[in-house]
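**Q** Dropping a prediction and its sequence here:
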Amino acid sequence: MDNISVTPVRSRTGSVSTPKRNLLDSTPQRKRSASISTARKSLDMPESTPKRKFKLSLYGTDSEYESIHTRLQELKTIRPGLTSLNIIELALSNYQKSLLDSSSSSVNQSCTIQECDENVILTTPKAVTNLVDMLCHHNSKCNETVSFVLEKNDGCSLHYKLRCDICTYNSVWRTSLELPENRDLINLKVTHAFLCSGMLPSQVERFCDCIGVSTLYKRKQNEYVEEYSKHVHSERISSCETALAEELSVHNSVDIITDARHSTRRNSKYTDIVCIGYNTHKVLDHEVIRREDDSCSQRHELHGTKRIYENFDTKGVHVRRHGHDRNASVNKFVREQRKSTVNQNDTWHVSVSVEKELKKISSGAKCREGKTWSVQLADKVQPVKTHIQFAMRSCNGDASKLRSNIENIVDHYQNKHSNCDMNSRCRKDSNYIPSRVILTDSNAVNLLSNALRSTDVYRHPECYVHHMDTFFVESFNNVLNIFQDKRIGTFGDLHYKLRSNLAICHWNENVKRKTNSFQYRKNIWSRCISSLFSGSVWRPY
C-alpha cells in the first residue's frame, strides 16, 4: 500500500534519462504488516478502514532518489512504525499549516482614499520597538484590540494613550524618546535640520502645516535655539582656528581680504564683516556690527575691520597684506594705524571705474564729437580694461612701473611699441598689425591720456601693485544669502549670529571642493548630544 516507485523519464528522442527504481519502502512483507498495525494505533486509525494499493511516481535523478530514500529510512529508524505514507501526510499537513499561519500574519498595508489625509508622525525605530513591546505585553494577557487616542501634542512629539476596554489596560506611548533636561529627541532633531538647511521660520511653518506636523511653541522653540546656538558658535570658532592655522602655515603672517555685507538693502540693522585668508580662501574671522553699535551703517565696515585687527593682535598674528573693495575709511585706517600692513584695493572695482570713465570719451552727442569724445576711442573700452589688468599683474610690486605701464597704453594705440612688454606680440612679431583703430587725432590722444590719469589706479598705484581681488569674499556673501535672505531684516541677534556662523562652517568645509560635504552638521549634533549626556558618554569636544 505504501510503495513508491521512481518512473523513468523519457526524452523527446525516446532515450531513458532516469533508471526505474522500485520500492522506496524496502521493509519485508511481514515486518510491514506489523508496522502498519503500529502506525494505525499511533494515528488512531480504525482497523476496518478499507485500503487500496496506489503508487506515487516522482521524477528526479539518482542522487535525488538516494537522498529521499536515506532521509525516509532515518525517520523510520527514529520512530519505528512510521511508513512512507505517514511521513508524507505529516509533512504535507505541517507545510499547509505554516502557509496558513504566514498568510494570516501578513497585514494589508495598502492605503485607501480616506486614509490619504492622515497627518504624518515623526518617530524613531527605538520608539516603534517600544510600541511593539507594549502591544506584546498586552496581548500576552488579553486578545482584544487596543485603541489609540491622541492625548498630547508637544510640537513634533506626540503622546498617544493605549487603552483596552476589556482588561482596563492603559498606557502612554511617545513618538519621541526623552532626552535629559526635559528635551525631546524628535523636536531637537527637527530644529537641527531646519536651522542647518537655512529655512526661514515662515517656511518651516508652511512646510509643517502642509504635511500635518505641529511646530514647537515660540517659548520652547527659543529655548532650543538658544541652547543650539552655543554649539554652533563653538563649531564656528573651531573651524576658524583651523583655517587660521592653515593660513599661517603658508607664511608666518597672513594675507587677508575683507568685505562688508548689509543684512537689508536700506538702513541695515546688521552688517557682516568677513575676513578670508587670501591663500586658503577660508574664513579666518567674522564680526557682526549692529545698529546699536553705530547708527550709520556706512561706518559698520570700519568698526568690523578694527575688531578683526584687535582679534589678530590678541592671538599674536601679523597681517602682511590686506585687500578690500576700496573703502575710503578702511584705506585711511590701514595706512595710518596699521603701517606694517600693506593696503591693497580690489582690482575688479578698477575695471568698473575705468569703464565708466572711458564710456564718457568714447560716445556721446554728435555735436560734442571731437570735443568731449572721439570716434577713434569707440573700440577702446574693453581693450583698455584688459590692458590695465595686465599692467597690474606684470608690475612686480613696483608702483612706478605700474604707472608707466598705464601711460604706455596711449603709445600702444598710436602704434608705438618701444615701451611695451618684451613678451607681447607687438614687440616680438615684426609683421604685427593692430586690430584696433590707430589713434591719429591729437584730441583723442589727450582724451584717453586724461581719462587714464584720472583713474584711482593711476593716482594711487601703491594700492594695486599686488593685484589682489575680493572674488572669494563676494562668493561667500552669496553663500550667506542661503542662510539669511537679504530681503528679510526681522531676525533678532541670536538668530542672525546663529545663521552667520552656520554659513561660515558651511563655507570653510566646502570651499574649493568638487563635492559638497556636511561634516559640520554631524559635529554640531554631536556637541548637542554630548552636552545633554555630559556625565554618561564620552565627549570628543
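**A** Now that the structure is in, tell me what you want to look at.
**Q** Show me the helices in the stretch 401-541 of the chain, by range?
**A** If DSSP state H, counting those that start in this stretch is used as the criterion, the helices of the stretch 401-541 of the chain fall at 425-428, 442-453, 456-459, 471-483, 493-510, 519-532.
**Q** Burial-wise, tell me which of those helices comes out on top.
**A** With neighbours defined by mean count of other C-beta atoms under 10 Å, none of the helices of the stretch 401-541 of the chain is more surrounded on average than helix 493-510, at a mean of 21. Every C-beta, even on glycine, is put in place using the N, C-alpha and C of the backbone.
**Q** quick check: angle from that helix to helix 519-532?
**A** Angular relation of helix 493-510 and helix 519-532 on a 0 to 180 degree scale: 130 degrees, by axes from the mean of the first three to the mean of the last three C-alpha atoms, to 10 degrees.
**Q** Now helix 493-510 - C-alpha only, CSV.
**A** Backbone C-alpha positions of helix 493-510 (Å, rounded to 0.1, in the frame of the first residue of the first chain) are rendered in CSV as follows:
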residue,chain,number,x,y,z
ASP,A,493,20.6,89.0,17.5
LEU,A,494,20.5,85.3,18.4
HIS,A,495,19.1,84.1,15.1
TYR,A,496,21.2,86.4,13.0
LYS,A,497,24.5,85.3,14.6
LEU,A,498,23.5,81.7,14.5
ARG,A,499,22.8,81.7,10.8
SER,A,500,26.0,83.7,10.1
ASN,A,501,28.0,81.0,12.0
LEU,A,502,26.3,78.2,10.0
ALA,A,503,27.3,79.9,6.8
ILE,A,504,30.9,80.1,7.9
CYS,A,505,31.0,76.5,8.9
HIS,A,506,29.5,75.5,5.5
TRP,A,507,31.9,77.7,3.5
ASN,A,508,35.1,76.6,5.3
GLU,A,509,34.2,72.9,4.7
ASN,A,510,33.2,73.2,1.1
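**Q** same for it, what does it pack against?
**A** Counting contacts by 3 or more C-beta pairs under 8 Å, 6 or more residues apart in numbering; DSSP states H and E, the secondary-structure elements packed against helix 493-510 are helix 185-197, helix 218-250, strand 270-277, strand 283-290, helix 471-483, helix 519-532.
**Q** State the mean pLDDT of it.
**A** Mean pLDDT, taken over the full extent of helix 493-510, equals 94.
**Q** about what we covered before: for residue 276, which of the helices of the stretch 401-541 of the chain is the nearest?
**A** When those are compared by C-beta to C-beta, helix 471-483 sits nearest residue 276, at 5.5 Å.
**Q** who touches residue 151 in this structure?
**A** 159, 160, 161, 172 (C-beta atoms under 8 Å, 6 or more residues apart in numbering).
**Q** Highest neighbour count among those residues?
**A** Of the contacts of residue 151, residue 160 is surrounded by the most neighbours, 18 neighbours in total, counting by other C-beta atoms under 10 Å.
**Q** Quick check: next helix or strand after the helix or strand where that residue lies?
**A** Secondary structure assignment for residue 160, by DSSP states H and E: strand 157-164. On the C-terminal side of strand 157-164, the closest following helix or strand by DSSP H and E is strand 169-174.
**Q** That following strand packs against which elements?
**A** Packed against strand 169-174, as judged by 3+ C-beta pairs under 8 Å, 6+ apart, are the following elements: helix 125-139, strand 157-164.
**Q** what are the pairing partners of it, and which direction each?
**A** strand 157-164 (antiparallel) (DSSP bridges).
**Q** Pull the distance from the strand it pairs with to the chain's centre.
**A** On the basis of C-alpha atoms, centre = their mean, to the nearest Å, the separation between the geometric centre of strand 157-164 and that of its chain is 35 Å.
**Q** And stretch 360-379, by the same measure?
**A** Average the C-alpha atoms of stretch 360-379, do the same for its chain, and the two points are 53 Å apart (C-alpha atoms, centre = their mean).
**Q** what does that stretch contact?
**A** 358, 380-381, 436-437, 439-441, 443-444, 447-448, 451.
**Q** Name the nearest of those relative to residue 511.
**A** Using C-beta to C-beta, the shortest approach to residue 511 within those belongs to residue 381, at 33.5 Å.
**Q** which element is the closest residue in space to the closest one that isn't next to it in sequence on?
**A** With sequence-adjacent residues excluded and distances taken as C-beta to C-beta, 6 or more residues apart in numbering, residue 381 is closest to residue 358, at 4.6 Å. Counting by DSSP H and E, the element that carries residue 358 is helix 347-362.
**Q** And for residue 301?
**A** With elements taken from DSSP H and E, the one containing residue 301 is helix 300-315.
**Q** pLDDT on that helix, on average?
**A** Averaged over helix 300-315, pLDDT sits at 96.
**Q** by contact count, what packs against that helix?
**A** Contacts of helix 300-315 with other secondary structure elements, assessed using 3+ C-beta pairs under 8 Å, 6+ apart, are made with strand 254-262, strand 270-277, strand 283-290, strand 319-324, helix 328-337.
**Q** Just name the most buried of the ones you listed.
**A** Using mean count of other C-beta under 10 Å, strand 270-277 ranks as the most buried of those, with a mean of 25.
**Q** Pretty sure residue 473 sits against residue 260.
**A** No. When contacts are counted by C-beta atoms under 8 Å, residue 473 is not listed as touching residue 260 (9.4 Å).
**Q** list the contacts for residue 231?
**A** Applying C-beta under 8 Å, 6+ apart, the residues contacting residue 231 are 524, 527, 528, 531.
**Q** how close does it sit to residue 335?
**A** The gap separating residue 231 from residue 335 is 40 Å, by C-beta to C-beta, to the nearest Å.
**Q** Closest to residue 145 out of the contacts of residue 231?
**A** Residue 145 lies nearest to residue 528 out of the contacts of residue 231, by C-beta to C-beta, at 39.5 Å.
**Q** could you list every residue that touches that closest one?
**A** Contacts of residue 528 by C-beta under 8 Å, 6+ apart are 188, 192, 227, 228, 231.
**Q** now these: which count as buried?
**A** Neighbour counting over these (16 or more other C-beta atoms under 10 Å) leaves 188, 192, 227, 228, 231 as the buried ones.
**Q** Looks like the first one contacts residue 221 (just checking).
**A** No. Counting by C-beta under 8 Å, residue 188 stays clear of residue 221, with 11.0 Å between them.
**Q** show me where pLDDT drops low in the stretch 151-300 of the chain?
**A** Low-confidence segments of the stretch 151-300 of the chain, defined by pLDDT under 70, are absent; every residue clears the threshold.
**Q** again with the stretch 1-150 of the chain
**A** 1-50, 100-107.
**Q** Strands of that one, residue ranges please.
**A** Taking DSSP state E, counting those that start in this stretch as the test, the strands found in the stretch 1-150 of the chain are 4-6, 56-58, 147-154.
**Q** Name the strands paired with the longest one and say parallel or antiparallel.
**A** Okay, so that is strand 147-154. According to DSSP bridges, strand 147-154 forms sheet pairs with strand 157-164 (antiparallel).
**Q** Ok, the second one next?
**A** The strands that strand 56-58 pairs with in its sheet are strand 4-6 (parallel) (by DSSP bridges).
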